[in-house]
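Participant: Requesting a structural model of the entry that follows:
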Amino acid sequence: MHSKFNFDKIYPDVTGLGEGVGDMLVEELGNIVEPIKFTQESKTEMFENLRLLMQEKKLVYSDLDRKLTKQLLSIKFEFTGQKSSRIENVQKKRIFHDSREHDDLVCALALAALFFSRKEMPVAREYFLGK
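Facilitator: Okay, here's the model as predicted:
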């Protein structure tokens, strides 16, 4: 796909079984590949970035893509407040999805959206996702 589309950056999910694929991509394509290991922190950061891009209308998707819409609607954020010995209240954000749903399409979209959080938004290009 890279030879056809000439990607600026590739963010493979290297959690678990994806690690071997990530290593092969780095070996073959070099520094355009930035492997991402999914942790609660990295996933929260990616999904927060995705939410901001969508909220600012910098990234839009077709509402005709029902699978993606259903998965996006199943994503939940939960804040857990922990009392600290200090005055401030420490809050942690946990992200999860409805156990009856999947989040693979949302994760793929969040990985793609990472590029826009790490680089200035391209002016001359438009991106449209969906059918």
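
Participant: confidence score at T80?
Facilitator: As summarised for this prediction, T80 has a pLDDT of 72.

Participant: Renumber starting at 353 from here on
Facilitator: Got it, the first residue is 353 from now on, which makes the last one we talked about T432.

Participant: What residues are bridge-paired with it?
Facilitator: According to DSSP bridges, the partner residues bridging T432 are K444.

Participant: For it, give its distance to I447.
Facilitator: Applying C-beta to C-beta, to the nearest Å, the value for T432 to I447 is 12 Å. Every residue, glycine included, has its C-beta placed from N, CA and C.

Participant: out of these two, which sits in the more crowded spot?
Facilitator: I447 (18 against 9; other C-beta atoms under 10 Å).

Participant: Pretty sure that one sits against K395.
Facilitator: Yes - applying C-beta atoms under 8 Å, one finds I447 in contact with K395, separated by 5.6 Å.

Participant: mind listing what the closest residue to E386 other than its chain neighbours touches?
Facilitator: In this structure, E386 finds its nearest non-sequential neighbour in Y363, 5.5 Å apart by C-beta to C-beta, 6 or more residues apart in numbering. Shown here is Y363, whose contacts under the criterion C-beta atoms under 8 Å, 6 or more residues apart in numbering are 385-388, 463-464, 466-467.

Participant: for the most centrally placed residue in the chain, phi and psi?
Facilitator: Residue closest to the mean C-alpha point of the chain, counted by C-alpha atoms, centre = their mean, is A462 at 1.9 Å. Summarising the backbone geometry of A462 under the convention degrees, to the nearest 10, its torsions are phi -60, psi -40.
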